[in-house]
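>>> Kindly return the folded structure for what I paste below:
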Amino acid sequence: MSRWFALIDPDHVARTPLGVRGHNLLLTPRGEPRALLLGAEEAQLIGTWLGSRASRVRWSTLLAATTNPGLAEDLLRRLLEAGWCEIELHAEAGLRQSPLQPFWVSWRDMYGLRSLTGLVDPREQAETVALWRGWQPRNAELAGLADSLGSRLPTSTLERRLKLAQALDSWLGAGQWGSERQFSQHAFGRSKAFNAGDRDWLASHGIELDACGITEHAPHLFLSGPLTLLVGAEPLVSARLLGLGVALAPEALLAVTALQGSVRGVRVVQNLSVFEGLTRAAQSFLTVWVPGYPHRRWRAAVGHLLALLRLPLQVACDLDPAGIAIALQVGAVAEQAGCVWQPWKMEAEALTLANGAQPLTEQDAVRLARLEGGTLPPPLAKLAEAIRERQHKVDQEGLFLERLAEA
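Below you'll find the model as predicted:
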């Protein structure tokens with residue numbers, strides 16, 4: 001295998017020393033998995049290798065599955081360079097100078113790789129379909145996923161989606177909140193396995209990642225304003241520091257017992273760039289960033305602060321169906337805390353005034369119909385009507401950043 005190691009293309013594979021003394025080596029693809037032309041014998045061998053469903057297997061086990069070691073070694077190298085696996089190389093025990101040999105093989109996307117082979121086992125598909133039909137989510141919001149079974153889909157797709165749905169169910173059940181990479185690690189055992197196709201599938205069934213506690217950014221609350229946050233008699237954050245903008249864990253805010261200082265009200269904005277602009281403007285408001293659909297921990301922490309302040313709340317979101325839905329959820333938090341609230345800079349006329357209008361997507365149209373089927377506050381009802389009539393939407397930055405001086 002020493003010749004095998006020499007054939008690996010360093011432009012496609014990174015090498016990282018492993019172990020306390022770096023005697024072993026980890027080979028990691030530099031890019032995401034990509035298509036690979038496979039012969040019939042190679043495809044069959046991959047199908048055999050993936051049969052155990054294990055994401056990490058010994059190379060000796062894979063090698064024993066074929067009578068053609070040359071084919072296996074070449075296929076392993078090609079899969080590595082194409083991004084489908086990672087390989088740990090170990091020296092023979094007790095012999096530091098011996099050539100490094102493959103020891104562990106970790107599949108980066110078993111489902112995609114199985115799909116790449118084009119092999120379909122009717123028994124495997126029937127087994128996966130049965131598992132799908134038997135799965136009942138503990139969280140009601142995932143009921144649509146349980147009903148989404150499409151038996152004509154490739155087995156690899158069915159398996160991946162079932163694994164994703166089960167992982168999301170357990171994530172919600174545990175009340176977790178974290179980044180997409182953290183959720184990917186939870187679902188697939190790899191921090192970068194969760195992909196755009198997974199996002200699109202969840203979105204098509206009305207699953208909002210933000211509301212599930214899965215965010216692109218770190219799971220902290222961003223807030224700013226001329227207030228000192230107190231926990232008992234001790235300051236948690238000074239007014240000077242909070243005025244510059246801080247990010248705090250929800251648990252830290254839930255421990256706050258009083259807010260010292262004077263503000264005219266609370267403003268919640270959907271876009272981080274708008275939050276940063278308002279923070280620099282240093283006005284007499286407590287400003288909070290809501291990163292999309294608010295997670296339960298965000299709602300609990302902000303609701304706690306609102307209950308302490310008892311001040312009116314203004315909420316400004318994107319001028320689109322998702323922005324309206326987010327504004328409603330933030331408004332519900334204010335109501336539960338005993339505070340009045342109103343949309344801010346979300347007038348129907350703003351659709352015409354703002355730059356950067358974009359056409360509605362099919363998903364936008366579904367959301368809009370759902371919103372208009374319920375009860376909306378008059379300003380948001382007018383905005384929804386205007387969005388439907390004009391068939392376009394506007395991001396908050398397109399309206400806000402140019403007029404920040406008017407805030």
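
>>> Where do the domain boundaries of this protein fall?
2-117, 122-215, 221-406 (automatic domain parsing).

>>> quick one: low-confidence parts of the stretch 251-400 of the chain?
Within the stretch 251-400 of the chain, the segments meeting pLDDT under 70 span 353-356, 398, 400.

>>> any chance you could map the helices in it?
Secondary structure of the stretch 251-400 of the chain (DSSP state H, counting those that start in this stretch): helices at 272-281, 296-309, 321-336, 350-353, 362-372, 378-390, 396-400.

>>> one step back: any chance of the domains of the chain in JSON lines with mean neighbour count as columns?
Placement of C-beta: from N, CA and C, glycine included. What follows is these, written out as JSON lines (neighbours: other Cβ atoms under 10 Å):
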{"stretch": "domain 2-117", "mean neighbour count": "15"}
{"stretch": "domain 122-215", "mean neighbour count": "17"}
{"stretch": "domain 221-406", "mean neighbour count": "18"}
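
>>> Now the helix ranked longest in the chain: average pLDDT?
Secondary structure of the chain read by DSSP state H shows that its longest helix is helix 155-173. What helix 155-173 shows for mean pLDDT is 84.

>>> State the distance from the residue minimising distance to the centre of the chain to residue 203.
Centroid check for the chain by Cα atoms, centre = their mean gives residue 180 as the closest residue, at 3.1 Å. For residue 180, the distance to residue 203 equals 13 Å [Cβ to Cβ, to the nearest Å].

>>> what about the stretch 1-150 of the chain, any weak spots by pLDDT?
The model of the stretch 1-150 of the chain has pLDDT under 70 over residues 1-2, 19-22, 92-98, 119-129, 131-133, 149-150.

>>> how about the strands in the stretch 51-200 of the chain?
Assigned by DSSP state E, counting those that start in this stretch, the stretch 51-200 of the chain shows strands spanning 56-58, 85-90, 101-107, 178-179.

>>> Now that we have the ones you listed, can you turn them into a markdown table and tack on distance to residue 333?
Formatted as a markdown table, those follow (distance: least, Cβ to Cβ, whole Å):
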| stretch | distance to residue 333 |
| --- | --- |
| strand 56-58 | 43 |
| strand 85-90 | 43 |
| strand 101-107 | 42 |
| strand 178-179 | 21 |
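
>>> ok, residue 371 touching residue 323?
No - the criterion here is Cβ atoms under 8 Å, and residue 371 misses it with residue 323 at 10.5 Å.

>>> what's near enough to touch the closest residue to residue 36 other than its chain neighbours?
Nearest non-adjacent residue to residue 36, counting by Cβ to Cβ, 6 or more residues apart in numbering: residue 82, 4.5 Å away. Residue 82 makes contacts with 12, 29, 33-36, as judged by Cβ atoms under 8 Å, 6 or more residues apart in numbering.

>>> any idea how far residue 243 is from residue 379?
Residue 379 is 30 Å from residue 243, by Cβ to Cβ.

>>> Actually, residue 110.
Distance, residue 110 to residue 243, by Cβ to Cβ: 50 Å.

>>> One more: residue 77?
Applying Cβ to Cβ to residue 77 and residue 243 gives a distance of 57 Å.

>>> Next: residue 332.
Between residue 332 and residue 243 the distance is 28 Å, computed by Cβ to Cβ.

>>> Same check on residue 304?
21 Å.

>>> Kindly report the same for residue 174.
35 Å.

>>> and what of residue 311?
17 Å.

>>> Ok, residue 39 next?
Applying Cβ to Cβ to residue 39 and residue 243 gives a distance of 65 Å.

>>> before we move on, what about residue 168?
Residue 168 is 38 Å from residue 243, by Cβ to Cβ.

>>> what does residue 76 give?
According to Cβ to Cβ, residue 76 and residue 243 sit 57 Å apart.

>>> Same question for residue 223.
Using Cβ to Cβ, residue 223 is found at 11 Å from residue 243.
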